[in-house]
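Colleague: Dropping the sequence and predicted coords here.
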Amino acid sequence: QVQLVESGGGLVQAGGSLRLSCAASGSIFSINAMGWYRQAPGKQRELVAAITSGGSTNYADSVKGRFATSRDNAKNTVYLQMNSLKPEDTAVYYCNAEVERASPRDPPVLYWGKGTLVTVSS
């Protein structure tokens with residue numbers, strides 16, 4: 001089994017910054033893409049940012065230029081640096097990871113963390 005644990009959420013004023021981390025542990029052969037999603041109250045979960053094992057990234061239009069994702073493959077950890085935060089960024093932030101298993105016959109599995117709450121006050 002694989003566990004993903006997010007950390008770094010909290011309360012911040014508009015214009016402030018937070019850095020989220022997500023560490024994967026367990027039966028990991030390798031990790032393909034890792035991503036950050038968020039879900040605000042009453043809204044659907046949406047993609048915020050994603051990063052491949054090679055470091056290619058993509059972002060939601062709403063966070064481009066403000067958020068940056070990175071990863072440390074040796075630590076199986078992905079980060080989300082969030083700057084210039086806005087009240088509309090308030091949400092529970094989740095990370096996911098597509099994990100390759102030791103046997104090439106087994107397909108990769110997508111795991112999710114339990115989320116960390118980010119609250120941006122105006």
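Modeller: Great, that's in hand.

Colleague: contacts and neighbour counts: CA atoms only from here.
Modeller: Will do.

Colleague: quick one: average pLDDT of stretch 84-102?
Modeller: On average, the pLDDT along stretch 84-102 is 96.

Colleague: Check the offset of it from the chain's centre.
Modeller: Averaging C-alpha positions (C-alpha atoms, centre = their mean, to the nearest Å) puts stretch 84-102 3 Å from its chain's average.

Colleague: Any idea how far apart the tips of that stretch sit?
Modeller: Stretch 84-102 has an end-to-end distance of 41 Å (C-alpha to C-alpha, to the nearest Å).

Colleague: Would you mind measuring from Arg19 to Gly10?
Modeller: Distance from Arg19 to Gly10, by C-alpha to C-alpha: 10 Å.

Colleague: Could you report the neighbour count for Val12?
Modeller: As a burial measure, Val12 scores 18 neighbours (other C-alpha atoms under 10 Å).

Colleague: Now do the contacts for the spatially most central residue of the chain.
Modeller: Nearest residue to the geometric centre of the chain (C-alpha atoms, centre = their mean): Trp36, 2.8 Å. Each residue near Trp36 by C-alpha atoms under 8 Å, 6 or more residues apart in numbering is listed here: Leu47, Val48, Ala49, Ala50, Leu80, Tyr93, Tyr94, Cys95, Asn96.
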